[in-house]
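Novice: structure of the sequence below:
(2 chains)
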Amino acid sequence: MTVTNVEKDVEKLTLTITADFAAPVDRVWQVWADPRELEQWWGPPTHPATFVEHSLAPEARSLYFMTSPAGQRFYGWWHILTVDTPTSLTYEDGFANSDGTVDESVLPAHRRVTLEAITTGTRMTVATRFASAEAMERMIAMQIVEGLVGAIGQIDSIVRP
Amino acid sequence: MVVDLHPAQADLVFHALADATRRDILTVALAGEQSVSALARRYPISLPAVQKHVTVLERAGLVTKHRHGREQLVRVEIDTLDRARRLLDELEAVWRERVGRIDAILSTNEGAPK
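Specialist: Coordinates of the predicted model:
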């Protein structure tokens, strides 16, 4: 497992995860910047993500959906706030309606991604902060979708080539 | 496994946990049932203020109150506390999965950035 540290703050509704990869910073940046690579890892194998729009530029908006095995689509958007290629990115991550408009009923999460060169490759830190417990719960529900966490073992074996 | 905490209740839980005195009341009551008056003696605040904190915890489902003679006993509901923590645990699981998938992409495609 490449995850080296996880910090959870129940009161501040934040999760910070740190992971090390045996690849240069430019290469790890690409999995965020290239929508075709991003959609290979953003959604779980059972609910693959499709990024309709995506570019890492300040004020840019990404639009994506995740497709359930039954064909149901769950839409989300990113609003890029700051970009410092290839080392840092901040953006808002929220829900969208099926027509691509912002779902205003849930406040977006704020996320900061940092990539740092280390001797073995790249250290990635992803810090997510939720606006409310309800927003966090809906985001989690969308991203893991029902019953998924219970199947982590199987997913791991599907993912590994 | 999906956390069966209703969104409105989740907000109550996190709001309840956002206060240092309420977290302390929970910690103390976790060790064993406490009477409201015994709790009040621990803090430099009035009995009604402690009762208010207990009510916030109770509404969030984190504690229940039981009458024992003239005493109001406060009992921690472990399940609710666990569910709140599991929300963040589930988010951690989501990101561990993602890191695993990024790792798979990086190891199957060693090529330089396109």
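
Novice: from chain B, how far out is the residue lying farthest from the centre of chain A?
Specialist: What lies farthest from the middle of chain A is residue A:119; by Cα atoms, centre = their mean that is 25.5 Å. Per Cβ to the nearest Cβ, to the nearest Å, residue A:119 is found 17 Å from chain B. Bear in mind the C-beta positions are built from the backbone N, C-alpha and C, glycine included.

Novice: can you report how many residues lie near the nearest residue to residue B:10 once chain neighbours are set aside?
Specialist: Closest residue to residue B:10 apart from its sequence neighbours, by Cβ to Cβ, 6 or more residues apart in numbering or on different chains: residue A:133 at 4.1 Å. Counted with other Cβ atoms under 10 Å in any protein chain shown, residues neighbouring residue A:133 total 24.

Novice: could I get the buried residue list for the lengthiest strand in chain A?
Specialist: For chain A, the strand with the greatest residue count under DSSP state E is strand A:73-84. Judged by neighbour count (16 or more other Cβ atoms under 10 Å in any protein chain shown), strand A:73-84 contains these buried residues: A:74, A:75, A:76, A:77, A:78, A:79, A:80, A:83.

Novice: one more: stretch B:93-112?
Specialist: Within stretch B:93-112, the residues scored as buried using 16+ other Cβ under 10 Å are B:93-106.

Novice: ditto for stretch A:63-76
Specialist: Going by neighbour count (16+ other Cβ under 10 Å), the buried part of stretch A:63-76 is A:63, A:64, A:65, A:66, A:74, A:75, A:76.

Novice: distance-wise, check the third one relative to chain B.
Specialist: It stands for residue A:65. According to Cβ to the nearest Cβ, residue A:65 and chain B sit 17 Å apart.

Novice: mind checking pLDDT for that residue?
Specialist: Predicted confidence (pLDDT) for residue A:65: 91.

Novice: before we move on, what about the last one?
Specialist: Per-residue pLDDT puts residue A:76 at 90.

Novice: any stretches of chain B with poor pLDDT?
Specialist: Low-confidence segments of chain B, defined by pLDDT under 70: B:1-8, B:80-85, B:109-114.

Novice: next, name the residue at the spatial heart of chain A.
Specialist: Nearest to the mean C-alpha position of chain A, counting by Cα atoms, centre = their mean, stands residue A:42 at 5.5 Å.

Novice: pretty sure that residue is touching residue B:98, no?
Specialist: Yes. Between residue A:42 and residue B:98 there is a contact under Cβ atoms under 8 Å: 7.0 Å.

Novice: who touches residue A:135 in this structure?
Specialist: Residue A:135 is in contact with A:106, A:107, A:108, A:109, counting by Cβ atoms under 8 Å, 6 or more residues apart in numbering or on different chains.

Novice: pretty sure it belongs to a helix, no?
Specialist: Yes. Secondary structure of residue A:135 (DSSP: H, G, I helix; E, B strand; the rest coil): part of a helix.

Novice: measure it to residue A:81 for me?
Specialist: Noted for residue A:135: a distance of 17 Å to residue A:81, by Cβ to Cβ, to the nearest Å.

Novice: do residue A:33 as well
Specialist: From residue A:33 to residue A:81 the distance is 15 Å (Cβ to Cβ).

Novice: please apply the same query to residue B:76.
Specialist: Residue B:76 sits 40 Å away from residue A:81, taking Cβ to Cβ as the criterion.

Novice: which SSE is residue B:87 in?
Specialist: Using DSSP states H and E, residue B:87 sits within helix B:78-108.

Novice: right, is that helix up against chain A?
Specialist: Yes. Using Cβ under 8 Å from any Cβ of the partner chain, we find that helix B:78-108 touches chain A at B:84-85, B:87-108.

Novice: where does chain A have low pLDDT?
Specialist: Within chain A, the ranges that satisfy pLDDT under 70 run A:1, A:137, A:139-161.
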